[in-house]
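1. Can you look at this prediction? I've put the sequence above it.
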Amino acid sequence: MKTDNEPKKTRSRGKVYLIGAGPGDPTLITVKGLELLKRAEVLVYDYLATPKLLKFVPKDAELIYAGKKGGECHAHTQEEINQMLVDHATAGKIVVRLKGGDPFIFGRGGEEIEELAKHGVAFEVVPGVTSATAAATYAGVPITHRDYTASVAFVTGHEDPTKETSNIAWDKIATGIGTLVFYMGIKNLPFITENLIKYGRDPETPVVVVRWASTPIQRSVVGTLATIAEVVKAEKIKPPALIVVGEVVKLRDTINWFEKRPLFGKRILVTRTREQASELVRLLEDQGADCVEGATIALAPPDSWEPLDAELNRIGEYQWLVFSSINAIRFFFSRLFEQGLDCRALAGPKIAVVGTATAEILKEYGLVADLIPEEFTGEGLAAGMVAQGVRGCKVLLPRAKKAREILPEILQENGAEVAIVPVYQNVRPKDYDLVRQELAEGGIDMVTFTSSSTVTNFLEMLGPERDALLSGVKIATIGPITARTAEKAGLSIDVQPKTYTIPELVESILDFYAR
């Protein structure tokens, strides 16, 4: 009989989750798949599983790249991958095996699960959006349609054409299936088309080949069974790509929605901080742009919190609390809460913000700005406050360690007593080699700047080759202050919105390319 003092036996919590990452767009992963990524202790991921999903994995998780590319050396053999999954799970780890598309559709997921079952390892399988349906959908092709076909088949295009016997019943699928989708078939495309024609498929049957489906770099080419191999060769289409064969391909002319978005094919470099880039990147990508995130500044706390802590202790003495950036709000409230205070401590002063975006962030903390200027600049904010009367007022200005002095100077000139306290500082990222490489290869169409510091840091990080690297690249700035900094540095401005917000910047970029 067990006593209370005996140690309890616990089963290992080790488990493997085999998850389909979807076709390439990171937002196409399932909700369950995303939640499991956030719990991973070990992540084993493939070449076709988008790297953008890695940001959801805990920072202390072990990441293992197990990618495979046709015709190239594999990071790990399939046997090694199987053994890794077994070893980490039996060590008690939560293991996520992330595979592109759906793991049970030409993903060798069944083989991996068989190995886990053989060793008694607990597992779950989370389906993913398979590349076949995604490639067709994002190319504007419904793989089934009541007016064209009621059947579809997924077929491997990777089968060795020199084999004596084939696992593919070419005589059956050539005419017996309405829509055919071939995975991994670029290398064998001539063999595939020859067999379909040989066994009775009309040579004029339309075909679309889709590379990197659902991503901003998607490319689609169209032909017929008789011509598609030459089209693919001429257009230099390489793996990963899927081949869709069938009369439904004719509908692409009508419903090709993805590749007709206004910024499709445009590659835009976003220089904003990584913490703030998400909104701009999302809005640009919604319009079809391929965004490269190359932050020129990163955010860090100030060297000391003592100046802010001292002012928080006498916050009731101030008539105005002024926020000239979203970052200032974030860092200010983070410190306020760390000090055991909340928004009730700010009941005394009025609150002024530099613009509508800053005002929206303030609302997240349960506060409504008393003043939003008509012009969203430091000068506009100062003018709005002066119009309300600041003589004799005490103003608290939490801001970056280094910032433009125009706002406090105007307020002081009009009789205000301004206390400036640093609540964050901009630091420069160390590595910018990848951005320089992108520019050198001519892959960037436009660079966006959302502050003067992004301009200054960007140009300094490019170094003496800056003019050559930016040749032919369009420049978009969020407002006149940023534009002036860029122009003083010798840049020509192509895009500048009339209202200085991220949504308006995107609208101006759309207008620019529409022209």
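-> Received the coordinates, thanks.
2. Find me whatever residue is spatially closest to Gly128, sequence neighbours aside.
-> In space, and not counting its chain neighbours, Gly128 is closest to Gly20: 1.7 Å by CB to CB, 6 or more residues apart in numbering. In this view, the C-beta of every residue, glycine as well, is placed from N, C-alpha and C.
3. Also Val125?
-> Leu18 (4.7 Å).
4. So that neighbour lies in a strand, does it not?
-> Yes: counting by DSSP: H, G, I helix; E, B strand; the rest coil, Leu18 is found in a strand.
5. got a list of what the residue nearest to Thr30 when sequence neighbours are not counted touches?
-> Nearest residue to Thr30 in three dimensions, chain neighbours excluded: Val126, at 6.1 Å (CB to CB, 6+ apart). The contact partners of Val126, taken as CB atoms under 8 Å, 6 or more residues apart in numbering, are 17-20, 30, 32-33, 36.
6. Torsion angles phi and psi at Val126?
-> The phi and psi values for Val126, taken as degrees, to the nearest 10, are phi -110, psi 110.
7. quick one: it from Lys401, how far?
-> To Lys401, Val126 is 45 Å away according to CB to CB, to the nearest Å.
8. do Asp303 as well
-> Taken as CB to CB, the span from Asp303 to Lys401 is 8 Å.
9. And for Glu306?
-> According to CB to CB, Glu306 stands 14 Å off from Lys401.
10. so how many other residues sit close to the residue nearest to Gly128?
-> Using other CB atoms under 10 Å, Gly20 has 27 other residues around it.
11. right, and it touches Lys32 too?
-> No: contact between Gly20 and Lys32 fails when scored by CB atoms under 8 Å: they sit 10.4 Å apart.
12. Using the three-state scheme, assign Glu111.
-> Strictly by three-state DSSP, Glu111 counts as helix.
13. ok, now how distant is it from Ala91?
-> On the measure of CB to CB, Glu111 and Ala91 end up 22 Å apart.
14. same deal with His119?
-> From His119 to Ala91 the distance is 12 Å (CB to CB).
15. What segments of the stretch 51-200 of the chain are strands?
-> 62-65, 94-99, 123-126, 152-156, 179-183 (DSSP state E, counting those that start in this stretch).
16. so which of these comes closest to Arg391?
-> Within these, the stretch nearest Arg391 is strand 62-65; the backing value is 58.6 Å (CB to CB).
17. Quick one: list the elements packing against that closest one.
-> For strand 62-65, the packing partners by 3 or more CB pairs under 8 Å, 6 or more residues apart in numbering; DSSP states H and E come out as strand 42-45.
18. partners of the strand it packs on in the sheet?
-> Strand 42-45 has its sheet partners listed here by DSSP bridges as strand 62-65 (parallel), strand 94-99 (parallel).
19. most tightly surrounded among those strands?
-> Highest mean neighbour count of these: strand 94-99, a mean of 26 (counted as mean count of other CB atoms under 10 Å).
20. tell me the centre residue of this structure?
-> Per CA atoms, centre = their mean, the C-alpha nearest to the average position across the chain is that of Lys52, at 5.6 Å.
21. Which of the three states applies to Ala419?
-> strand.
22. Not counting its neighbours along the chain, what's nearest it?
-> Excluding its sequence neighbours, the residue lying closest to Ala419 (CB to CB, 6+ apart) is Leu396, at 5.3 Å.
23. re earlier: make CSV from the strands paired with strand 42-45 and add distance to Gly443 and mean pLDDT to it.
-> Converted to CSV, those look like this (distance: least, CB to CB, whole Å; pLDDT from 0 to 100):
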stretch, distance to Gly443, mean pLDDT
strand 62-65, 23, 94
strand 94-99, 27, 96
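24. can I get those in TSV with distance to Ala150?
-> Converted to TSV, the strands paired with strand 42-45 look like this (distance: least, CB to CB, whole Å):
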stretch	distance to Ala150
strand 62-65	41
strand 94-99	30
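25. And those strands: which comes nearest Ile410?
-> In terms of CB to CB, the element of the strands paired with strand 42-45 nearest to Ile410 is strand 62-65, at 50.2 Å.
26. Now tell me what touches that closest one from outside.
-> Residues outside strand 62-65 that contact it (CB under 8 Å, 6+ apart) are 41-45, 54, 57, 75-76, 84, 88.
27. Could you turn the buried ones of these into a ChimeraX selection?
-> Provided next is the ChimeraX selection string for whichever of the contacts of strand 62-65 are buried by 16 or more other CB atoms under 10 Å:
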select :41,42,43,44,45,57,76,84,88
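28. ok so, going back, could you check which of Glu306 and Lys401 has the larger neighbour count?
-> Lys401 (16 against 10).
29. For Val44, name its beta-bridge partners.
-> Legend: beta-bridge partners of Val44 under DSSP bridges are Ile64, Arg97.
30. That one against Ala66, yeah?
-> Yes: the criterion here is CB under 8 Å, and Val44 meets it with Ala66 at 5.2 Å.
31. I'd like to know which helix or strand in this protein has the lowest mean pLDDT.
-> strand 298-300 (a mean of 83; mean pLDDT, DSSP states H and E).
32. Within the sheet, what are the partner strands of that strand, with directions?
-> Assessed with DSSP bridges, strand 298-300 is paired to strand 417-427 (antiparallel).
33. Pull out the buried positions in the partner strand.
-> Those buried within strand 417-427 under the rule 16+ other CB under 10 Å are 418-426.
34. For those residues, point out the one with the lowest pLDDT.
-> Note: of the buried residues of strand 417-427, the lowest pLDDT belongs to Asn426, at 80.
35. domains in the chain, as residue ranges please.
-> The chain breaks down by automatic domain parsing into domains covering 15-128, 133-260, 267-297+429-514, 300-427.
36. gap between Glu413 and Arg391?
-> 10 Å.
37. which residues are in contact with both of those two?
-> Common neighbours of Glu413 and Arg391 (CB under 8 Å, 6+ apart) do not exist.
38. list residues touching both of Asp303 and Lys401?
-> Residues touching both Asp303 and Lys401 (CB under 8 Å, 6+ apart) are 422, 425.
39. Tell me how many other residues crowd Pro349.
-> 19.
40. start the count at 13, not 1, going forward
-> In the new numbering, first residue 13, that becomes Pro361.
41. mind listing what it touches?
-> 327, 330-333, 408.
42. circling back: quick check: bridge partners of the residue nearest to Thr42?
-> Beta bridges link Val138 to Ile31, judged by DSSP bridges.
43. Ile309 against Thr468, yeah?
-> No: counting by CB under 8 Å, Ile309 does not reach Thr468; the two are 9.4 Å apart.
44. more crowded one of those two?
-> Ile309 (24 against 18).
45. Would you check how far apart the more buried one and Ile180 are?
-> For Ile309, the distance to Ile180 - CB to CB - is 55 Å.
46. swap in Asn207?
-> 8 Å.
47. One more: Ser520?
-> Distance from Ser520 to Ile180, by CB to CB: 52 Å.
48. and what of Ala312?
-> For Ala312 relative to Ile180 (CB to CB), the value is 58 Å.
49. higher neighbour count, those two?
-> Counted by other CB under 10 Å, Ala312 and Ile180 do not tie: Ile180 has more neighbours, with 16 against 12.
50. give me phi/psi at the more buried one?
-> The phi/psi pair for Ile180 (degrees, to the nearest 10) is phi -100, psi 120.
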